[in-house]
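> give me coordinates for this.
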Amino acid sequence: MGRAMAPTLSKLLRTAATTAKQPSLNALRAACARSVSTESYSDTTTISVETNLPFTTHQCEPPSRIVETNPAELMKFYADMFTMRRMEIAADSLYKSKLIRGFCHLYDGQEAVSIGMEAALTRKDSIITAYRDHCLFYGRGGTLLEVFAELMGRKDGCSHGKGGSMHFYKKENGFYGGHGIVGAQVPLGCGLAFAQKYSKAEAVTFALYGDGAANQGQLFEALNISALWNLPAVLVCENNHYGMGTAEWRAAKSPAYYKRGDYAPGLKVDGMDVFAVKQASKFAKEHALKNGPIILEMDTYRYHGHSMSDPGSTYRTRDEISGVRQERDPIERVRKLVLAHNIATAAELKDIEKEAKKEVDDAIALAKESPVPDPSELFAHVYVKGFGTEVSLFGNAGIRCR
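Below is the predicted model of the structure:
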């Protein structure tokens, strides 16, 4: 299979190491956008794949279990999900080294949700989520440098080092965060859907929340008005089965979250199967554009604890975690398909993994060199410019509003 290789950050750094000329910081930043996950694979021969499990429905007919893909997409799925996995493992190490501070919620295990959605959406569509946002940001086209610089509070971060782990953002790619208040992103997502309908954008918003947020009253209020106005909103419950350390069955009398919309249709999806997520997301987008909101429940699993302060083993057994890894891991599912269809060899996949690891390591090294924001930045981006209320610094006199 032919594969066009774009110059990567690691190759740029290796070249610099053997010459006297050092690359500029801008050149290094640009190279960060050309990671292993953006390599283009040329073979687009159609391959039909059946989802691992059937879809379970509420007030709608299920989509087909037969999903069309191709070698190029399969290889991209593998490279992207492996890079995400490596990125989160590296974030774990950086946190333990105290280079990342504050809250930090990792996404390893749930990669198929992000990648499957992206396969069905365009950048005209919007995604908004809670605080487990690193991989969703990366899936929307964010760079590894932006990820690690933001995690370490540096200026090259996607939020200029002022948002941290829970507040990633990339408006130009349709990614609206990154929100720390449980469930609060859902009404905002429905507001994005209202804007899309008002402007006749022919686009949808996927508003993600966890099973721990599924009992929030604001979610039902947002769904109600979205249904009244037939807004193109897709509410996505990433059910990883534990809201912090509380099992779903202890928190919800009815943990069938895809049925929670009552009057709104719903679909339960194997969130560990990237092809099921792709098919369900395509189905949901088409429905939302024609008929208004729909709920997708992604049955998924996080390998880490709720956050870095949670060992993740006090409310579930290690056997449970290892069992999911062995039987349902989303990356392994794609790996087996790639090998079964002779798209790549095990050695070629290992090369992709090595390149991804190197890209992550190089991005971390570059992020460490990025400066921290100037103290004056504390008062920037507080108000919208030009609306008569701005904050400025006046030496040691403090701040003045005008």
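> can you pull out the helices in the stretch 251-400 of the chain?
274-291, 318-328, 330-340, 346-369 (DSSP state H, counting those that start in this stretch).
> gap between the helix ranked longest in the chain and the chain center?
The helix spanning the most residues in the chain, taking DSSP state H as the definition, is helix 71-96. Its chain's C-alpha centre lies 11 Å from the corresponding centre of helix 71-96 when counted by Cα atoms, centre = their mean, to the nearest Å.
> which of the residues in that helix are buried?
Buried residues in helix 71-96, defined by neighbour count with 16 or more other Cβ atoms under 10 Å: 71-91, 94-95. In this view, the C-beta of every residue, glycine as well, is placed from N, C-alpha and C.
> try stretch 57-68
Residues of stretch 57-68 classed as buried by neighbour count (16+ other Cβ under 10 Å): 58, 60, 63, 67.
> same deal with stretch 220-232?
Those would be 222, 223, 224, 226, 227, 231, 232, for stretch 220-232 by 16+ other Cβ under 10 Å.
> how close does the fifth one sit to residue 298?
Distance, residue 227 to residue 298, by Cβ to Cβ, to the nearest Å: 21 Å.
> most neighbours per residue, which of the helices of the stretch 251-400 of the chain?
Compared across these, helix 274-291 shows the largest average neighbour count, a mean of 23 (mean count of other Cβ atoms under 10 Å).
> circling back: dump the buried residues of stretch 220-232 to CSV, plus secondary structure and distance to residue 338.
Shown next, in CSV, are the buried residues of stretch 220-232 (DSSP: H, G, I helix; E, B strand; the rest coil; distance: Cβ to Cβ, whole Å):
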residue, secondary structure, distance to residue 338
222, helix, 40
223, helix, 39
224, helix, 44
226, helix, 39
227, helix, 41
231, coil, 38
232, coil, 34
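> of all these, which two lie farthest apart?
224 and 232 (15.8 Å; Cβ to Cβ).
> what ranges of the protein fall below the confidence cut-off?
By pLDDT under 70, the weakly predicted segments of the chain are 1-41, 387-402.
> ranges for the strands of it?
3-4, 40-41, 47-50, 56-58, 66-69, 126-128, 205-210, 233-239, 242-243, 246-247, 266-270, 294-299, 391-393, 399-401 (DSSP state E).
> who are the neighbours in contact with the residue most central in space within the chain?
Note on the chain: the residue nearest the mean C-alpha position is residue 136, at 1.2 Å, using Cα atoms, centre = their mean. Residue 136 is in contact with 107, 114, 127, 129, 168, 175, 208, counting by Cβ atoms under 8 Å, 6 or more residues apart in numbering.
> and for residue 180?
Per Cβ under 8 Å, 6+ apart, neighbours of residue 180: 103, 130, 131, 166, 167.
> please repeat the previous calculation with a cut-off of 7 Å.
By Cβ atoms under 7 Å, 6 or more residues apart in numbering, residue 180 lies in contact with 131, 166, 167.
> how about the nearest residue to the last one once chain neighbours are set aside, phi and psi?
Spelled out, that is residue 167. When the adjacent residues along the chain are set aside, residue 167 lies closest to residue 178, with 4.5 Å between them (Cβ to Cβ, 6 or more residues apart in numbering). Main-chain torsions, residue 178, degrees, to the nearest 10: phi 70, psi 80.
> coming back round to it: distance to residue 326 added to the strands of the chain, as CSV?
Shown next, in CSV, are those (distance: least, Cβ to Cβ, whole Å):
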stretch, distance to residue 326
strand 3-4, 30
strand 40-41, 28
strand 47-50, 21
strand 56-58, 24
strand 66-69, 23
strand 126-128, 30
strand 205-210, 24
strand 233-239, 20
strand 242-243, 19
strand 246-247, 21
strand 266-270, 16
strand 294-299, 17
strand 391-393, 54
strand 399-401, 56
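> and residue 140, which of those is closest to it?
strand 126-128 (6.3 Å).
> quick one: list the elements packing against that closest one.
Secondary-structure packing of strand 126-128 (3 or more Cβ pairs under 7 Å, 6 or more residues apart in numbering; DSSP states H and E): helix 185-198, strand 205-210.
> okay, the angle between the shortest one and strand 294-299?
Spelled out, it's strand 205-210. Taking axes from the mean of the first three to the mean of the last three Cα atoms, to 10 degrees, strand 205-210 and strand 294-299 form an angle of 40 degrees between their directions.
> what's in contact with strand 205-210?
Applying Cβ under 7 Å, 6+ apart, the external contacts of strand 205-210 come out as 117, 125-130, 183, 185-186, 189-190, 192-193, 196, 219, 232-238, 240, 243.
> ditto for the first one
Outside helix 185-198, the residues within contact range by Cβ under 7 Å, 6+ apart are 126, 128-130, 176-177, 179, 203-205, 207, 209, 218-219, 222, 225-226, 229, 231-233, 235.
> quick one, what contacts residue 156?
Residue 156 touches 29, 145, 146, 149, 367, 370, counting by Cβ under 7 Å, 6+ apart.
> can you give me the neighbour number for the residue nearest to residue 105 when sequence neighbours are not counted?
The shortest distance from residue 105 to any non-neighbouring residue, by Cβ to Cβ, 6+ apart, is to residue 132 (4.3 Å). Neighbours of residue 132 under the rule other Cβ atoms under 10 Å: 24.
> same check, this time on residue 206
Residue 206: 28 neighbours (other Cβ under 10 Å).
> likewise for residue 56?
Counted by other Cβ under 10 Å, the residues lying close to residue 56 total 16.
> what's the answer for residue 382, then?
With other Cβ under 10 Å as criterion, residue 382 counts 11.
> how near is it to residue 167?
Distance from residue 382 to residue 167, counting by Cβ to Cβ: 14 Å.
> same deal with residue 116?
24 Å.
> with residue 181 instead?
Residue 181 is 11 Å from residue 167, by Cβ to Cβ.
> now residue 210
Taken as Cβ to Cβ, the span from residue 210 to residue 167 is 17 Å.
> shouldn't residue 219 be in contact with residue 184?
No. Using Cβ atoms under 7 Å, residue 219 is not in contact with residue 184, being 9.7 Å away.
> neighbour count winner among the two?
Counting neighbours by other Cβ under 10 Å for residue 219 and for residue 184 shows that residue 219 has the greater number, 25 against 19.
> what sits opposite the residue lying closest to residue 341 once chain neighbours are set aside in the beta ladder?
Distances taken as Cβ to Cβ, 6+ apart place residue 47 nearest to residue 341, at 6.2 Å, with adjacent residues excluded. For residue 47, the beta-bridge partners are residue 69 (DSSP bridges).
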